[in-house]
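Peer 1: got a structure for you, letters missing:
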């Protein structure tokens, strides 16, 4: 039945989905704003807002640093932050209040109500609400979800937004309580809350939700449908468990909070920092390995590859472009770097058996190659010069030397040059008439049976570019013999 409806009903366009999500974020934002202001008062709201905003910028910068190898669009990251700050926070407040009232109606022990609400209800509701943002990105923006690094970043931005709203509520309520008691600055509940939530544990919510993000990231590169369903749930379960342990730490005695903080939270935070650094390094290595294939085929300059795999060299290339061509040139180089990284990770994900259908891979690869080719005249020299200045290539390196034949992969054919073909004028781009070395009669496997067969691991549709009309040509799929 679902498949029949899917064939009959048209799928909403990207514009419609964007409008719906913006309307949802706007409505929930207004609702959560009024709800928090009602609970804290206007003065408490602004005090909480001023204090809660302090850790937001450092956390966002840290997660953005992790994703700089292949940066996600800012619109996607801001959506995740807005979902956590507005939609997820509103869902959590309403669901927690409902559950607490229901538990209070079934028991007369007030301490049991608070304990069950903070340990059993809040972790499940809050982590599920935050995980909904990851599910939306994973479902509708699969092209920007290429592995654990993307799950790490998306989860971090979502949890940072959620913690931002929660901190406003807690700090605002603490300020109202201090006004009622007339407490001094050092003895105030506001100072204690600020120390615990902003100084000691600003990473708490990101730490929990990143576990869910890693599950989604591993699912993005999994070829089996069962794993793509189970891995996010396996990440969500420990996120709820750590959240429950953190909320229940005060129940473990007078020093329970400090024991959980020092023995669980700090080691887990250190482990995730190490993991983030390793993921970033492995991602850059994957970018270098995959782009080397495109450079061997002629899509990129050989000196560009080490520069694109080095973040300092990328930054230097943008600075060089801005210095010589202005801000527009700098933006062109930045787009070139992002597209090159996306192209490399697309092939890396497909090579590992990720759930990319053949036509999706070919379409996305064709689009990225087209954009790279249009920007290469501006970005290529800047990246090559950055590679030389950063000493990423040896002094004896000569970019004009031909690439060794074993280095070239047949599943990444080079771009076609129409101006070198006497059979093709510059006003047309007939793929049957464009000279292609792989279709040369002397090298054609169909005409030369003694030639070695194509590699057995060839699974991608090769793409070629025609300079005559600035478009890519998708030739027939070649299969192994």
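Peer 2: Cool, the structure landed. These numbers were taken from a predicted model, which means no experiment stands behind them. Numbers count the residues shown, from 1 in each chain.
Peer 1: and the longest helix for the chain?
Peer 2: Criterion DSSP state H: the longest helix present in the chain is helix 14-52.
Peer 1: contacts for the helix or strand just after that helix?
Peer 2: Scanning forward in sequence from helix 14-52 by DSSP states H and E, the next helix or strand is helix 56-66. With contact meaning C-beta atoms under 8 Å, 6 or more residues apart in numbering, helix 56-66 is reached by 71, 77, 81, 149, 152-153, 156-157, 160, 164, 202-203, 206, 276, 279-280. Glycine gets a C-beta too; all of them are placed from N, C-alpha and C.
Peer 1: if you average pLDDT over helix 56-66, what comes out?
Peer 2: Across helix 56-66, the average pLDDT comes to 94.
Peer 1: could I get the pLDDT score of the closest residue to residue 29 other than its chain neighbours?
Peer 2: Leaving aside its sequence neighbours, residue 29 sits nearest to residue 86 (C-beta to C-beta, 6 or more residues apart in numbering; 4.1 Å). Note for residue 86: predicted pLDDT of 95.
Peer 1: do the same with residue 191
Peer 2: 91.
Peer 1: what strand or helix carries the residue nearest to residue 52 when sequence neighbours are not counted?
Peer 2: Counting by C-beta to C-beta, 6+ apart, residue 167 is the residue found nearest to residue 52 once chain neighbours are left out, at 3.6 Å. If you go by DSSP H and E, residue 167 is part of helix 148-181.
Peer 1: give me the three-state assignment for residue 392.
Peer 2: coil (DSSP: H, G, I helix; E, B strand; the rest coil).
Peer 1: once you drop chain neighbours, what's closest to it?
Peer 2: Per C-beta to C-beta, 6+ apart, closest to residue 392 is residue 306, 3.9 Å.
Peer 1: past whatever helix or strand the one you found lives in, which element shows up next along the chain?
Peer 2: Element membership of residue 306 [criterion: DSSP H and E] is helix 304-308. Downstream of helix 304-308, the first helix or strand assigned by DSSP H and E is helix 311-325.
Peer 1: just want the angle from the strand or helix carrying residue 131 to helix 14-52.
Peer 2: Element membership of residue 131 [criterion: DSSP H and E] is helix 122-140. With axes from the mean of the first three to the mean of the last three C-alpha atoms, to 10 degrees as the basis, helix 122-140 and helix 14-52 are set at 140 degrees to each other.
Peer 1: who are the contact partners of the most centrally placed residue in the chain?
Peer 2: Central residue of the chain (C-alpha atoms, centre = their mean): residue 150, 2.7 Å from the mean position. Residues near residue 150 by C-beta under 8 Å, 6+ apart: 67, 70, 72, 144, 217, 220.
Peer 1: pretty sure residue 342 sits against residue 70.
Peer 2: Yes - in this structure residue 342 lies within contact range of residue 70 using C-beta atoms under 8 Å: 5.7 Å.
Peer 1: hang on, the earlier thing: so what pLDDT did the residue nearest to the centre of the chain get?
Peer 2: On the pLDDT scale, residue 150 gets 92.
Peer 1: go on, the one 5 residues further on?
Peer 2: Note on residue 155: pLDDT of 96.
Peer 1: show me what contacts it?
Peer 2: Residue 155 neighbours (C-beta under 8 Å, 6+ apart): 130, 134, 206, 209-214, 216.
Peer 1: could you measure from it over to residue 34?
Peer 2: 28 Å (C-beta to C-beta, to the nearest Å).
Peer 1: where are the low-confidence patches of the stretch 301-450 of the chain?
Peer 2: 353-359, 395-450 (pLDDT under 70).
Peer 1: circling back: show me how far the longest helix of the chain is from its chain's centre.
Peer 2: What separates the centre of helix 14-52 from the centre of its chain is 24 Å, taken as C-alpha atoms, centre = their mean, to the nearest Å.
Peer 1: what of stretch 299-306?
Peer 2: 25 Å.
Peer 1: which ones among the contacts of residue 150 lie within helices?
Peer 2: Short answer: the contacts of residue 150 in helices (DSSP H) are 217, 220.
Peer 1: quick one: low-confidence ranges for the stretch 101-250 of the chain?
Peer 2: Within the stretch 101-250 of the chain, the ranges that satisfy pLDDT under 70 run 108-111, 184-186.
Peer 1: run a quick neighbour tally on the residue lying closest to residue 83 once chain neighbours are set aside.
Peer 2: The spatially closest residue to residue 83, leaving aside those adjacent along the chain, is residue 133, at 4.0 Å (C-beta to C-beta, 6+ apart). Residues contacting residue 133 under the criterion other C-beta atoms under 10 Å number 27.
Peer 1: what sits against residue 133?
Peer 2: Residue 133 sits in contact with 79-80, 83-84, 87-88, 154, 158, where contact means C-beta under 8 Å, 6+ apart.
Peer 1: please report how far it lies from residue 296.
Peer 2: 39 Å.
Peer 1: repeat for residue 260
Peer 2: 53 Å.
Peer 1: now residue 88
Peer 2: 46 Å.
Peer 1: if we can go back for a sec, next, the angle from the helix holding residue 131 to helix 148-181.
Peer 2: 140 degrees.
Peer 1: please spell out which residues along helix 122-140 are buried.
Peer 2: Neighbour-count burial for helix 122-140, counted by 16 or more other C-beta atoms under 10 Å, picks out 122-131, 133-134, 136-138, 140.
Peer 1: from those, pick the one nearest residue 317.
Peer 2: residue 137 (29.0 Å; C-beta to C-beta).
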